[in-house]
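Engineer: what shape does this take:
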Amino acid sequence: MEKIRVLIADDHTLVREGLRAILELAEDVEVVGEAKDGEEAVRKARELTPDIVLMDVKMPNMDGLQATRLIKEELPQVDVVMLTMYADDEYALEAIKGGATGYILKNTPGIPCSTSSAGYIGVRPSSSLKSPRGCLGKSSNPLPGRRF
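Structural biologist: Just a heads-up that it's a prediction; the model follows:
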């Protein structure tokens, strides 16, 4: 079974460690790295070529929006899902313009899931985290063209 390679980018250690602990429960997910700011996220994305980057919006040195744009320019095959506490439409619109596949609020109960165009499980507002495997697993029926 091919594992989904995930890079977690967040300036809060507790968030990174918590996401890692949840995602590593899934057999088909491998957390390949962590980054504490946008610059490190871009550097590690280049080095590790993950399938998905879970990216915080606000981080020191380089924010997640700029990091997302750089990652998508250099590595268009990498999906970036914004994970943030900012419900601001401006941030969400900027993330979408920068190539983000999804935008998840940190205060959303559980991790929302649905199929994204890359064939991975992405963002849907109503699901809860019963099985982390369902949140980032490969989809047998991806929905081409249906990006966030």
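
Engineer: what values do phi and psi take at Glu73?
Structural biologist: Phi and psi for Glu73, reported as degrees, to the nearest 10, are phi -70, psi -40.

Engineer: and if you look at Gly102?
Structural biologist: Note on Gly102: backbone dihedrals following degrees, to the nearest 10 are phi -160, psi 170.

Engineer: what does the pLDDT read for it?
Structural biologist: Note for Gly102: predicted pLDDT of 92.

Engineer: what residues are bridge-paired with it?
Structural biologist: Val81 (DSSP bridges).

Engineer: that one: neighbour count?
Structural biologist: Per other Cβ atoms under 10 Å, the neighbour tally for Gly102 reads 25. For glycine as for every other residue, the C-beta is placed from the backbone atoms N, C-alpha and C.

Engineer: same check, this time on Leu75
Structural biologist: 17.

Engineer: distance of it from Leu14?
Structural biologist: Here Leu75 is placed at a distance of 27 Å from Leu14 (Cβ to Cβ, to the nearest Å).

Engineer: ok, now Asp51?
Structural biologist: Distance, Asp51 to Leu14, by Cβ to Cβ: 24 Å.

Engineer: compare these two (neighbour count), which wins?
Structural biologist: Between Asp51 and Leu14, counted using other Cβ under 10 Å, Asp51 has the larger neighbour count: 21 against 8.

Engineer: any idea which helix or strand carries the residue sitting nearest the centre point of the chain?
Structural biologist: Note on the chain: the residue nearest the mean C-alpha position is Leu54, at 2.5 Å, using Cα atoms, centre = their mean. Element membership for Leu54 (DSSP states H and E) is strand 52-55.

Engineer: just Gly18 next, same as before
Structural biologist: helix 13-23.

Engineer: give me the helices and strands touching that helix, please.
Structural biologist: strand 4-9, strand 29-35, helix 132-136 (3 or more Cβ pairs under 8 Å, 6 or more residues apart in numbering; DSSP states H and E).

Engineer: with that, I have no additional questions.
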